[in-house]
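Chemist: one predicted model, sequence on top.
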There are 2 protein chains.
Amino acid sequence: MLGHGQIWAAIDALAAKNGLSASGLARRSGLDPTTFNRSKRIAADGRPRWPSTESIAKALDATATNLDSFMGLLTDGAAAPRRHVPLIGLAQAGEGGYFDDAGFPVGQGWDEIELPGADRENVYALEIAGDSMSPVYRDGDVVLVSPGAAVRRGDRVIVRTTGGEVLAKELARSTAKQVELRSINPAHPDRTLPTSEVAWIARIVWASQ
Amino acid sequence: MLGHGQIWAAIDALAAKNGLSASGLARRSGLDPTTFNRSKRIAADGRPRWPSTESIAKALDATATNLDSFMGLLTDGAAAPRRHVPLIGLAQAGEGGYFDDAGFPVGQGWDEIELPGADRENVYALEIAGDSMSPVYRDGDVVLVSPGAAVRRGDRVIVRTTGGEVLAKELARSTAKQVELRSINPAHPDRTLPTSEVAWIARIVWASQ
DNA sequence: GGCGTAAAAGGTACTAATTCCTATCGAAAC
DNA sequence: GTTTCGATAGGAATTAGTACCTTTTACGCC
């Protein structure tokens, strides 16, 4: 769960991220510069030496690092699985022995996908209003959008016009001159906007159901 | 970033989550039962005492707790923000001043929603096959399902029959005797299953787009 | 009520992490 | 070339966290 090498790798990573050496990080944290010395990570008798929780707290404080970021360093260093859940094919799911009585997958060896929003920095949520995308999005549904993601034909997107209109649509065609947007709900018209009127397009990556 | 009270609150929470007392957790971890005593969290001279990193690692190991979960306990104890992203209404989004040029929301004070799968314990992912729910789910889409969640009328669900069939449908009606399932795609028939043939129903909570 | 078990307070002994010190090495500054 | 500074190794001293012990309290069980 939490290993000796992992902790030290995270401390090294924390130092590097702030352009510091191990001793520099210790000094900045108000600790003795030798506290994080490599030569002291294993005691003379071969036992591993762990930094104290207080030292770690001071290092986080000195570098203005929050716990989430430190977690990232911890798990990156160990190449440990991060925010993943097992992914099962609908066909597989029909075969026997894959689920317990409560409907949870059992055992190991499943494919895994990253949970939505694992890179929390680049997503935010929008609450859908209107039914132009019904039944895909219903009024009140919440979608996670990623303004940074590349958009392709067939993607569902949020488009903001220079006029201040915000649309949830499916991208039908995108050319240098114009953007064609499709409403899933046939009661609503499709839209074609000249690129000059598009402030930005953000891809919808996940939708609540 | 990481406080004394937070650490101890997380240890208490870790113990509670496993049905243990502070001393019970210490014992299970191979430590002295008094290691986590409340009376020892503040030294005689008033200075705070921090548990050693090694003790924490042992406690995580003994309770088969991964770092992510412990993180949750840490941040819960401090009432700190967890895995949240800002939530904006589609109408709000049209007004000026809310977004930067790249399409990211700016400023503070947004509502926030929890990211999908924050309780990773209770969800897994399924890859959709077939087009009975088209256009809501397209072939190859991935859905996050929560077998533990309560299902209501109108929810999109994965149903597994005792015969081994796995269906992605919308729940039309659920009575004591039977479950009525609706296909969004009119080309596919609706289904009605007697409850005796339903192995389990899991609600689809998020869908990739 | 008596008894056994567990939780937790309070103290002492031990062990491990930090500090302080010295020394070596390498890079940058003079 | 010499000096200066930071980084790191290695060791001694100090300090802090844990282990061990005892006592008190609480709870369930006979």
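Modeler: Right, received. Where do you want to start?
Chemist: for the residue nearest to residue A:159 when sequence neighbours are not counted, which three-state class applies?
Modeler: Nearest non-adjacent residue to residue A:159, counting by Cβ to Cβ, 6 or more residues apart in numbering or on different chains: residue A:167, 4.7 Å away. The C-beta positions use only the backbone N, C-alpha and C, and glycine is treated the same way. Assigned state for residue A:167: strand (three-state reduction, DSSP: H, G, I helix; E, B strand; the rest coil).
Chemist: now residue A:167: how far from residue A:139?
Modeler: Distance of residue A:167 to residue A:139, computed by Cβ to Cβ, to the nearest Å: 15 Å.
Chemist: among those two, which residue is more densely surrounded?
Modeler: Using other Cβ atoms under 10 Å in any protein chain shown, the more surrounded residue of residue A:167 and residue A:139 is residue A:167, with 21 against 12.
Chemist: doesn't residue A:179 make contact with that one?
Modeler: No: if you go by Cβ atoms under 8 Å, residue A:167 and residue A:179 don't touch, sitting 10.2 Å apart.
Chemist: can you pull the residues that touch both of the two?
Modeler: residue A:159 (Cβ atoms under 8 Å, 6 or more residues apart in numbering or on different chains).
Chemist: first to last residue in stretch A:23-43, what's the distance?
Modeler: 18 Å (Cα to Cα, to the nearest Å).
Chemist: so which bits of that stretch are buried?
Modeler: A:23, A:25, A:26, A:27, A:28, A:29, A:31, A:35, A:36, A:41 (16 or more other Cβ atoms under 10 Å in any protein chain shown).
Chemist: what about that stretch, near chain B?
Modeler: No: when contact is scored as Cβ under 8 Å from any Cβ of the partner chain, no part of stretch A:23-43 falls within range of chain B; the minimum is 11.4 Å.
Chemist: go on, stretch A:64-73?
Modeler: Yes: contact of stretch A:64-73 with chain B is found when judged by Cβ under 8 Å from any Cβ, involving A:64, A:65, A:66, A:67, A:68, A:70, A:71.
Chemist: for residue A:203, see how far away residue A:5 is.
Modeler: For residue A:5 relative to residue A:203 (Cβ to Cβ), the value is 38 Å.
Chemist: between the two, which has more neighbouring residues?
Modeler: Between residue A:5 and residue A:203, residue A:203 has the larger neighbour count (other Cβ under 10 Å), namely 21 against 11.
Chemist: quick one: contacts for that one?
Modeler: By Cβ under 8 Å, 6+ apart, the residues touching residue A:203 are A:145, A:146, A:149, A:150, A:151, A:155, A:156, A:157, B:209.
Chemist: could you tell me which of the residues you listed count as buried?
Modeler: A:145, A:146, A:149, A:151, A:155, A:156, A:157, B:209.
Chemist: need the nearest residue in space to the fourth one, chain neighbours excluded.
Modeler: Which is residue A:151. Once flanking residues are discounted, residue A:151 sits nearest to residue A:203: 4.8 Å by Cβ to Cβ, 6+ apart.
Chemist: check what pLDDT the closest residue to residue A:130 other than its chain neighbours gets.
Modeler: Leaving out its chain neighbours, the residue that sits closest to residue A:130 by Cβ to Cβ, 6+ apart is residue A:139, at 6.5 Å. On the pLDDT scale, residue A:139 is placed at 84.
Chemist: that older thread, what about the buried residues of stretch A:23-43, which are in helices?
Modeler: A:23, A:25, A:26, A:27, A:28 (DSSP state H).
Chemist: kindly identify which of those residues also come near DNA strand D.
Modeler: A:23, A:27 (Cβ under 7 Å from any atom of the strand).
Chemist: closest to residue A:12 out of the ones in helices among the buried residues of stretch A:23-43?
Modeler: Using Cβ to Cβ, residue A:25 comes nearest to residue A:12 of these, at 8.8 Å.
Chemist: I'd like the next helix or strand past the worst-scoring helix or strand of chain A on mean pLDDT.
Modeler: Lowest mean confidence among the helices and strands of chain A (mean pLDDT, DSSP states H and E): strand A:111-114, at a mean of 65. Using DSSP states H and E, the helix or strand that follows strand A:111-114 towards the C-terminus is strand A:124-127.
Chemist: show me where chain A has its helices.
Modeler: With DSSP H as the criterion, chain A has helices spanning A:4-17, A:22-28, A:53-62, A:67-77, A:90-94.
Chemist: looking at these, which is closest to residue B:17?
Modeler: Across the helices of chain A, closest to residue B:17 is helix A:67-77 (Cβ to Cβ), at 18.1 Å.
Chemist: pLDDT weak spots in chain A?
Modeler: A:76-86, A:90-123, A:148 (pLDDT under 70).
Chemist: could you redo the last one with a cut-off of 80?
Modeler: A:1, A:44, A:68, A:72, A:74-125, A:134, A:142, A:146-150, A:164, A:209 (pLDDT under 80).
Chemist: please parse it into its domains.
Modeler: A:4-76, A:82-207 (automatic domain parsing).
Chemist: and the first one, how far out from the chain middle?
Modeler: Spelled out, that is domain A:4-76. 25 Å (Cα atoms, centre = their mean, to the nearest Å).
Chemist: strand B:198-208 and the longest strand along chain A, what's the angle between them?
Modeler: Longest strand of chain A, by residue count under DSSP state E: strand A:198-208. Going by axes from the mean of the first three to the mean of the last three Cα atoms, to 10 degrees, strand A:198-208 is angled at 160 degrees with respect to strand B:198-208.
Chemist: CA atoms only: put strand A:198-208 into PDB for me.
Modeler: Only the C-alpha atoms of strand A:198-208 are listed here, as PDB (Å, rounded to 0.1, in the frame of the first residue of the first chain):
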ATOM      1  CA  VAL A 198     -17.500  30.200 -32.400                       C
ATOM      2  CA  ALA A 199     -15.700  31.400 -29.200                       C
ATOM      3  CA  TRP A 200     -14.700  27.900 -28.200                       C
ATOM      4  CA  ILE A 201     -15.700  24.200 -28.500                       C
ATOM      5  CA  ALA A 202     -15.300  21.800 -25.600                       C
ATOM      6  CA  ARG A 203     -15.700  18.100 -25.900                       C
ATOM      7  CA  ILE A 204     -18.200  16.300 -23.600                       C
ATOM      8  CA  VAL A 205     -16.200  13.500 -22.200                       C
ATOM      9  CA  TRP A 206     -18.700  12.000 -19.700                       C
ATOM     10  CA  ALA A 207     -22.300  12.400 -18.900                       C
ATOM     11  CA  SER A 208     -24.300  11.600 -15.800                       C
END
